[in-house]
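*Asks:* Could you look at this predicted model? Sequence included:
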Amino acid sequence: MKGRAVRVGGAARLTRPRVVAERPRGEPLQALYRFIVFAGITLGVACLYWARIVLIPIALAMLGTFLLSPLVSQVQRTRLPRIPAVILVVTLALALATGLGWALLSQVTSFADDLPKYRQTITRKINDLQKMRHGGTFEQVENTAKDVLKQIDKGGPQGEKPVPVVVSQPSPLWQIPNVVHPLTTAFMVLVLVIFMLIQQRELIGRIIRLFGYERMAATTRLLDEAGTRISRYLLTQSIINGSFGLGIGIGLAVIGLPFALALGSLAAVLRFLPYVGPWLAALVPLVLSLAVFDGWTRPLLILGLFVVTELTVAFVIEPLLYGRSAGVSAIALLVGAAFWTWLWGPIGLALATPLTVCLVVGARAVAGLEFIEVLMSDDPPVEPCLTFYQRLLAGDAREAAAVIAETAHRVSLEEVFDAIVAPAIARARLDRESDQLTREEYAHMLEMIRELIEEAPLGKSEEEAAADAPTPVLTQIAGCAARDEADGLGLLMLGRLLARDGCALHIAPAGGLVGEALAAVDAAPPALVCVAAVGNGGRRRMRHLVKRLRQSQPDTPILAGRWGAGNTADTRADLATTGADDVAISLAEARTEILRLLPPDDIKPATPYAVARAGTEVPS
């Protein structure tokens, strides 16, 4: 498309052609594909809801299979065939569950028989509450409500009083479905668990066949990962919940509450319900304490026991074990719990974490569902350098500094500059060249990066070496930016790294003419000259600058460096054609090569960072 001439003020100038963005041909297909994915997800959620009567037993059976499968494998190692091993493990698990349920039922029955003993205590508690109500805020609110209702009744139409309707109690036969349904569901789950454990190999083979034999390796890997994650989650959660129940039981026994063992077991079982289980478990001993103990001290102690134990487990133990074992982020677990509870009720809440893990792992194998893994997995969403650059785009220098500080605790400062800051500078330059950043935004971002470089904390190794460092005798080194201020920031990072070796880096004015850079170098003859660029581009100017420096300083070593462009052979080969004495494609490598090129007498050990820019005094 050609430009057109426009006459302005008697002179003609060529205006920039108007570019009209054309819609890519593949965009309608992409929109159709997104619609199909959305429609498929909606249909899947509807099927999960309407078919929950069938799917809930299957999900419970899958959970039981994941829980008992490692035990079956352990029993099979004793050379027992698989069918007897399955029957043995299922029988033991069923006996354990039956014994625990019987113990809890007997404890509840004993408590019901002992209730008459605590009648006086309960009566005193009710009287205390009534005394608190009389004359207080509750009584005032109650009286006001009664007055308002009386006024409404007076103003209403006076008519005949309604005939009271007496509702007779339904026949006990109506309760049979409420009893039969849980029993049939439990029996169906038991049968499914047995058959899934026996035919586990056949089920895996059918799943592989469903996804296709050409994807056998990927499907097998996904199935193994899902089984490992869920088994690890169940084991970790069982240990955590068992420890929670043990702590609660011991605490209740110390306080003196009866049935402490049964209440601790109940707390361990209810804690399998995420988020609400511990507080449901606290209601039973709290109500029991109100009936057993006089006064309010021991009920408050029991409440404090649950609060302290749950906070310790939730905020200390679970972040270390539970979240990583499931492979799902904490926010995803919360969203998954809300979703499955809405879909399947309390059973969905109990199955929320295993189902969410299966959903995250299975999303990798289904085209179009990769976004589920990105949103819900506990893997880092982006690399630290991208997080750093995104915070710079948002103008949040504090968060960007936090990214540098967190990384500096683990690695050295030169690794922080190479892995985070240099790639961010290169990306900012690319966005400026593609007009994604305005000139003002680009300048503001470079200024923020300059401040962050100057204030970047020392790495772990530098902090240890800075404790007993002598006062340095600085060696003069000149730095020339290949293009603009962005390359000058690369030299600023190099200067911070060289300062601990007793080297002061003078940075020539960036973005000017080549002659200005040569004049700055000739003003104070250095021991070495470093020509630097950040990112790609500027090759012709770098070659020209190195050539002129060689003519001006024939006996001075020259290093050509390019950082933030990736550690590739092409970058190194391109730098080798500049005519410099040596090349470097990272700040760490540049520091090593500079120390190698300098005469040994010029290198003085030092640790404090002091970078000398153009026009500043250099300490001697």
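*Replies:* Structure received.

*Asks:* hang on, isn't I317 packed against I240?
*Replies:* Yes: the criterion here is C-beta atoms under 8 Å, and I317 meets it with I240 at 6.0 Å. Placement of C-beta: from N, CA and C, glycine included.

*Asks:* can you count the residues close to M542?
*Replies:* Using other C-beta atoms under 10 Å, M542 has 27 other residues around it.

*Asks:* before we move on, the earlier item: out of I317 and I240, which sits in the busier spot?
*Replies:* Shown here are I317 and I240; by other C-beta under 10 Å, I240 has more neighbours (19 against 15).

*Asks:* What separation do you get for that one and P274?
*Replies:* The spacing between I240 and P274, counted by C-beta to C-beta, to the nearest Å, is 12 Å.

*Asks:* now do V89
*Replies:* Counting by C-beta to C-beta, the separation of V89 from P274 is 27 Å.

*Asks:* So for the strand or helix carrying Q107, what gets flagged as buried?
*Replies:* Q107 belongs to helix 82-114 when elements are defined using DSSP states H and E. Going by neighbour count (16 or more other C-beta atoms under 10 Å), the buried part of helix 82-114 is 82, 85-86, 89-90, 93, 104, 107, 111.

*Asks:* so for that helix, what's the average pLDDT?
*Replies:* On average, the pLDDT along helix 82-114 is 83.

*Asks:* Spit out the contact partners of A352.
*Replies:* Residues counted as contacts of A352 (C-beta atoms under 8 Å, 6 or more residues apart in numbering) are 274, 333, 336-337, 339-341.

*Asks:* Tabulate the buried residues of helix 82-114 (a markdown table), appending distance to T297.
*Replies:* Formatted as a markdown table, the buried residues of helix 82-114 follow (distance: C-beta to C-beta, whole Å):
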| residue | distance to T297 |
| --- | --- |
| R82 | 57 |
| A85 | 53 |
| V86 | 52 |
| V89 | 46 |
| V90 | 47 |
| A93 | 41 |
| L104 | 27 |
| Q107 | 24 |
| F111 | 21 |
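
*Asks:* Going by distance to S265, which of the residues you listed wins?
*Replies:* Using C-beta to C-beta, L104 is the member of the buried residues of helix 82-114 that lies nearest S265, at 6.7 Å.

*Asks:* Surely that closest one and A262 touch.
*Replies:* Yes: between L104 and A262 there is a contact at 5.5 Å, judged by C-beta under 8 Å.

*Asks:* Give me the residues contacting the helix or strand A39 falls within.
*Replies:* Here A39 sits within helix 27-50, counting by DSSP H and E. Defining contact as C-beta under 8 Å, 6+ apart, one finds that helix 27-50 is touched by 55, 343-344, 368-369.

*Asks:* do stretch 572-589 as well
*Replies:* For stretch 572-589, the external contacting residues (C-beta under 8 Å, 6+ apart) are 414-415, 417-418, 422, 490, 493-494, 497, 531, 539, 542-543, 546-547, 550, 557-563, 565, 567-568, 571, 590, 592-593, 596-597.

*Asks:* does Q476 count as helix, strand or coil?
*Replies:* Under DSSP: H, G, I helix; E, B strand; the rest coil, the three-state class of Q476 is strand.

*Asks:* check contacts around it.
*Replies:* Contacts of Q476 were listed using C-beta under 8 Å, 6+ apart, and they are 504, 506, 524-527, 618.

*Asks:* and of those, the nearest to G247?
*Replies:* Distance to G247 across the contacts of Q476 (C-beta to C-beta) is lowest for A504, with 60.6 Å.

*Asks:* quick one: which helix or strand includes the closest one?
*Replies:* Per DSSP H and E, A504 falls inside strand 503-507.

*Asks:* elements contacting that strand?
*Replies:* Where contact means 3 or more C-beta pairs under 8 Å, 6 or more residues apart in numbering; DSSP states H and E, strand 503-507 is packed against strand 475-481, helix 485-499.

*Asks:* ok, T353 touching L334?
*Replies:* No: using C-beta under 8 Å as the test, T353 is too far from L334 to be in contact (10.5 Å).

*Asks:* Weed out the non-buried ones from the contacts of Q476.
*Replies:* Among those, those buried by neighbour count (16+ other C-beta under 10 Å) are 504, 506, 526-527.

*Asks:* Closest one of those to A517?
*Replies:* Proximity of those to A517 (C-beta to C-beta) peaks at H506, which lies at 11.1 Å.

*Asks:* can I get the CA coordinates of the strand holding A504 in CSV?
*Replies:* What follows is strand 503-507, C-alpha atoms only, in CSV (Å, rounded to 0.1, in the frame of the first residue of the first chain):
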residue,chain,number,x,y,z
CYS,A,503,37.0,-2.7,39.2
ALA,A,504,35.2,0.6,38.5
LEU,A,505,33.2,0.7,35.3
HIS,A,506,32.9,4.1,33.6
ILE,A,507,29.8,4.1,31.3
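
*Asks:* which residues touch the next helix or strand after it?
*Replies:* Sequence-wise, the next helix or strand downstream of strand 503-507 (DSSP H and E) is helix 514-523. Applying C-beta under 8 Å, 6+ apart, the set of residues contacting helix 514-523 from outside is 478, 480-481, 506, 508-509, 529, 541, 544-545, 548-549, 552-553, 614.

*Asks:* With stretch 306-319 instead?
*Replies:* When contacts are defined by C-beta under 8 Å, 6+ apart, stretch 306-319 is touched by residues 240, 243-244, 247-248, 251, 278-279, 281-282, 286.

*Asks:* ok, 6 Å please
*Replies:* Stretch 306-319 is contacted by residues 244, 247, 278, 282 when judged by C-beta atoms under 6 Å, 6 or more residues apart in numbering.

*Asks:* For it, the averaged confidence score.
*Replies:* 84.

*Asks:* what does stretch 336-346 give?
*Replies:* For stretch 336-346, mean pLDDT is 86.

*Asks:* in that stretch, what counts as buried?
*Replies:* Residues of stretch 336-346 classed as buried by neighbour count (16+ other C-beta under 10 Å): 336-337, 339-341, 343-344.

*Asks:* Return the alpha-carbon coordinates of stretch 244-256 using PDB.
*Replies:* Extracted in PDB, the C-alpha atoms of stretch 244-256 (Å, rounded to 0.1, in the frame of the first residue of the first chain):
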ATOM      1  CA  PHE A 244      -5.800 -33.900  64.100                       C
ATOM      2  CA  GLY A 245      -8.100 -36.400  65.700                       C
ATOM      3  CA  LEU A 246      -5.400 -37.700  68.000                       C
ATOM      4  CA  GLY A 247      -4.600 -34.200  69.200                       C
ATOM      5  CA  ILE A 248      -8.300 -33.400  69.700                       C
ATOM      6  CA  GLY A 249      -8.900 -36.700  71.600                       C
ATOM      7  CA  ILE A 250      -5.900 -36.200  73.900                       C
ATOM      8  CA  GLY A 251      -6.900 -32.600  74.600                       C
ATOM      9  CA  LEU A 252     -10.500 -33.500  75.400                       C
ATOM     10  CA  ALA A 253      -9.300 -36.200  77.700                       C
ATOM     11  CA  VAL A 254      -7.000 -33.700  79.500                       C
ATOM     12  CA  ILE A 255     -10.000 -31.300  79.900                       C
ATOM     13  CA  GLY A 256     -12.000 -34.200  81.300                       C
END
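
*Asks:* In the helix holding A39, which residues are buried?
*Replies:* Going by 16+ other C-beta under 10 Å, helix 27-50 has these buried residues: L48.

*Asks:* Return the per-residue confidence for R206.
*Replies:* Predicted confidence (pLDDT) at R206: the value is 80.

*Asks:* how about the buried residues of stretch 336-346 in CSV, adding secondary structure?
*Replies:* Output for those, formatted as CSV (three-state DSSP):
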residue, secondary structure
G336, helix
A337, helix
F339, helix
W340, helix
T341, helix
L343, helix
W344, helix
